[in-house]
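In: Here you go, sequence then predicted model.
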Amino acid sequence: MSEKGPLLTPELVQHIASLVQIGLSEAEAEAFVPQLNAILEYFNLLQEVDTAQVPPAFLLSGLRNVFRPDRPEPGLTTQAFLSNVPHPQGAYVCVPIVLEE
Amino acid sequence: MDLPYLSISQAQALLRRRQISSLELTQAVLDRIHRLDPVLRAWLTVDEEAALEQARRADERLARGENITPLTGIPFGVKDSIVTQGMRTTCASRILENYIPPYQATAVERLLEAGAVLIGKHNLDEFSMGSSTENSAFFPTRNPWDLQRVPGGSSGGSAAAVAAGQCFFALGGDTGGSIRLPAAFCNVVGLKPTYGRVSRYGLIALASSFDTIGPLTRTVEDAALVLQIIAGPDDRDSTALPDPVPDYRADLERPVKGLRLGLPREYFVSGMDAGVQAALQEAIRRFEELGLEVCEVSLPHTPYALAVYYLILFAEASANLARFDGVRFGAAAEGAQTIADLYLQTRQKGFGAEVKRRILLGAFTLSAGYYDAYYLKAQRVRTLLRQDFERAFEQCDLLLTPVSPSVAFRLGEKIADPLAMYLSDIYLVAVNPAGVPALALPCGFSDGLPVGMQLIARHGAESLLFQVGHAYQQVTDWHRRHPLQ
Amino acid sequence: MKYEAVIGLEIHAELQTQSKMFCRCSADYAHAEAPNTLICPICTAQPGTLPLVNRRAVEQGIQVALALNCTIPPLNVFARKNYYYPDLPKGYQISQYEIPLAVNGWVEVTVGKEARPKRIRVRRVHLEEDTAKSFHQGTLTLIDFNRAGVPLLEIVSEPDMHTVDEVLAYAMHVRNVLRYLGVNSGDMQKGVLRFEANISVRPEGSTELRTRTEIKNLNSFRALARATAYEIRRQIALYEAGGQVVQETLGWDEAREVTVSQRSKEHAHDYRYFPEPDLPPLEIAPAWVETIRAALPELPEARLQRFVESYDLPLTDARTLVAEKSLADYFEAVLEHTQASAREVANWMVGEFLRHLNERQLEVEAVPFAPQALAQLLEMVARRTITATTAKEVLREMFESGGMPQEIVQARGLALIADEATLQAVIDQVLDENREVVDSYLKGKESVFQWLMGQVARATRGKADPQLARRLLQARLDALRHERL
């Protein structure tokens, strides 16, 4: 990351949007660019903190080894699950074809 | 008797003496909802029939005198980011507009078992992303003290409803101030418990490592009563603390004299409104009168808290919101020919602008080449933030800070500038990365609008917050002022 | 120019736990009554749900790690792997990334007839969860979440293999280890083992690492072998033609027997891994590891040594038996029920028994008769109730009908003719019908004795007790010679 931070462009915003599967109109992408850049620039503040000897916090959380015993229990009925499914078909969840290309 | 504004402990005493019934209490809050909510808009869902039925059962339970808890027969509402089995749960998002959860959140389950009466669900910023409740996909909630102003967010509906006497308490969610900011803006008490003290099972995740469920109430004592029921280990949340829950009510009356109250120097700098500053100074004087020793402490990494908070939040949120894809529940785009179309259109139409901004930023900061500079860096500075608190608590028992530099702002005032909106939470966000508990409570008014203060304690020290907050409320009456009389 | 392939293998093995990796649903999806019956709020990614680590899955992972001579880091972290696919309910897979369950292991495998085993290093072993199953139907995809969340172990080798035979030997070795541990059925047809091969080629003798391709979703040894061979040929041909290999993900087209580019998956290759905030790290204490190590069942290497030392088996036979846990188990079960020598039993197992399995494409588990039946058969041979020739015939019958050998022998009258009078009559008839041959014998051409024995065997359809027949025939011929003198 450069001193000034990576500036997002509408194209880059569209690329990220495709990674997270959010459709964006050109106008939306354009509008987001300055807002997102302002926030990213604000984050550069952290670069001034020396963290060379500091471990990341996720390794420090107090709890360790929280397990569940390997005992099966009943869960949801098919009907209870399917009642929220937008497009059920029989006992299945149905979506448009997944194309490999 | 003004039933809707009784405290929980007052109402409970009357219920036990059979001087009032749960049905009457429930009817009273439903009347306030009918009367006020067309303007206030604190509620997304109200289930009157179910509430009245639960009230009848609570009355039977009270009549039998069996298994009565401090919450039996007490009406409450739940932020709509917490799932309620069989009751629509939207997270104030179009993408969940018609979602009926097939399971119960642990905290709600415990309240219902205790005999509390569920009235319905409260408005919020979509997916808890916001500080004003203006980001609700359905409608903004208004501040009961000034209908042109925001109630704060994201648990804005909950704070407004408790302040307006539409329920006796609410379950809110706090990821970076979402309970405390609206509590301060609406003149109620809001507790953000220690991370893990209340099970997150059933809380629709925003930032998993910051998210907490906590009560919004009108008194500190009430907050203790609610936490007593909802706190504790849960084998459905691996991050829930295994420690037993202390008796908060018993600790409430312990003397506060001699406790050390630290004022973090970094929180008392320029930028605070004069009215807020004055209220804080007055509160500090009260604490001194109560016998607390006030001292100055330092949390040197405070200037980085907001960046740490948002970086980690964006990253976690970008993954947490991936499951809203139109496949298993929620809204799905019609007529999609391919799975990619289904995803893109469902999420384009289903999410509001703030949600999209945060998901995009999260994905970007986690993407190849940026992870170390953004996410990992934030996790390292987070360690320093935690150490700040640990060191401060070597010098004092509690910290006192403002909740917000200003009182409730006007609707629309900050909505176009996301960064300005983020800065509303500047005094609140550091607590969540550190995991410590914090209590917001009323401490005065500025130009007729409530001012809140924040007490922060070390991990697991909710008792201390209640003890000091309760002592303060014994000698002040800010919390007894109510809007819309 | 001569080329050398450089191949690394990823093996995805489903673990045989009772319940899923992160929820309480049964993991036995293969026996589910109907689609979407083994599901719960967690494995269908309902909003607000949280994962819970299955202790047994971690233990099984540690067992495998130890059997593969891995080191287990003191701290273990789960991570989210983010991508969108309708069979992935949460929009991320809980896996392990920076800090896996185990690292730096190795195995020694025997390739073909080579005497010296080859060492292949194991880079890492990590835990993750399986996806749902999808079925394509016209323009639609149907999804069944019964498999979603079943524990998977991913075993990643270093690129230490150079030939298809080495790849196969390694894959089979690992499958065998998993079976010995009882953590995976090894049943390829049920998809409990899946392979991904990383392949590059370079001029022989060079040490450079050239661009590699990755073939995903290889679900049988056959597909693994063919796809690897094809891809090696394809890359060599590319270089020979002056072209370059492009780094990409490939699929294996079973029907056309070619690898095909899967660019759609390439697009989503930025997995944006980050530590799973819903699960605290695992601290795998040395004491726990040692407890698991002490309880490990006998592994292939140890069993090989035991077979050679205590049963005195030839190394090649022992290797063949041990290479398939079920075969070695069967062998030992037979041994328990017969007086026949271990060598004799092993001889039958690696000979006739295996030949039938291969001919019939049978797994040991699917053999239609119990080890006791085979023991009985070998016992009959040892006691000379039947001849080896008959035994082979009976074994064929056993594979076909599953009957007990004694019954088959009786029903088909295959028992040895050991009655002197009966056999004498047969011999007399044979001599009578072959006077010229007898003449040549009497004139000194003693080599025809064996031919006459053959005639006796033919006349008795192999049932003549060979020793008795030999004695009677010799006696009769001696008598004739005596008459002539």
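Out: Done, it's in. Numbering: from 1, shown residues only, chains lettered A, B, ... in the order given.
In: CA atoms for contacts and neighbours, from now on please.
Out: Fine.
In: For chain B, which residues are neighbours of chain C?
Out: Within chain B, the positions adjacent to chain C are B:82-83, B:101-103, B:105, B:200-205, B:208-209, B:236-239, B:316, B:319-320, B:322-323, B:327-329, B:339, B:363, B:366-368, B:371 by C-alpha under 8 Å from any C-alpha of the partner chain.
In: same check, this time on chain A
Out: Residues of chain A lying near chain C (C-alpha under 8 Å from any C-alpha): A:19-21, A:58-59, A:61, A:63-78, A:89, A:91-98, A:100-101.
In: Please repeat the previous calculation with a cut-off of 6 Å.
Out: Within reach of chain C by C-alpha under 6 Å from any C-alpha of the partner chain, chain A has these residues: A:63-65, A:67-73, A:75-76, A:78, A:91-97, A:101.
In: Quick one: mark the members of those that sit in helices.
Out: Mapping the residues of chain A next to chain C onto helices (DSSP state H) picks out A:Thr78.
In: Measure how far stretch C:204-211 is from the centre of its chain, please.
Out: 32 Å (C-alpha atoms, centre = their mean, to the nearest Å).
In: Just the CA trace of that stretch, in PDB.
Out: Written as PDB, here are the backbone C-alpha positions of stretch C:204-211 (Å, rounded to 0.1, in the frame of the first residue of the first chain):
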ATOM      1  CA  GLU C 204      14.600 -34.000 -16.900                       C
ATOM      2  CA  GLY C 205      17.400 -33.100 -14.600                       C
ATOM      3  CA  SER C 206      16.300 -29.600 -14.000                       C
ATOM      4  CA  THR C 207      15.200 -28.400 -10.600                       C
ATOM      5  CA  GLU C 208      13.100 -25.400 -11.700                       C
ATOM      6  CA  LEU C 209       9.400 -25.300 -10.900                       C
ATOM      7  CA  ARG C 210       7.400 -24.400 -13.900                       C
ATOM      8  CA  THR C 211       3.900 -23.100 -14.200                       C
END
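In: Buried by neighbour count: which residues of it qualify?
Out: Using 16 or more other C-alpha atoms under 10 Å in any protein chain shown as the burial criterion, the residues of stretch C:204-211 that qualify are C:Arg210, C:Thr211.
In: which residues are contacting that stretch?
Out: With contact meaning C-alpha atoms under 6 Å, 6 or more residues apart in numbering or on different chains, stretch C:204-211 is reached by C:Lys2, C:Tyr3, C:Glu4, C:Ser200, C:Gln247.
In: From the residues you listed, list the buried ones, please.
Out: Among the contacts of stretch C:204-211, those buried by neighbour count (16+ other C-alpha under 10 Å) are C:Tyr3, C:Glu4, C:Ser200.
In: circling back to that earlier point, mind giving me the ChimeraX command for buried ones among the residues of chain A next to chain C?
Out: Restricted to buried positions by 16+ other C-alpha under 10 Å, the ChimeraX selection for these reads:
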select /A:63,64,65,67,68,70,72,75,76,78,91,92,93,94,95,96,97
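In: Would you mind marking which of the residues of chain A next to chain C are also close to chain B?
Out: Among the residues of chain A next to chain C, the residues lying close to chain B (C-alpha under 6 Å from any C-alpha) are A:Pro96, A:Ile97.
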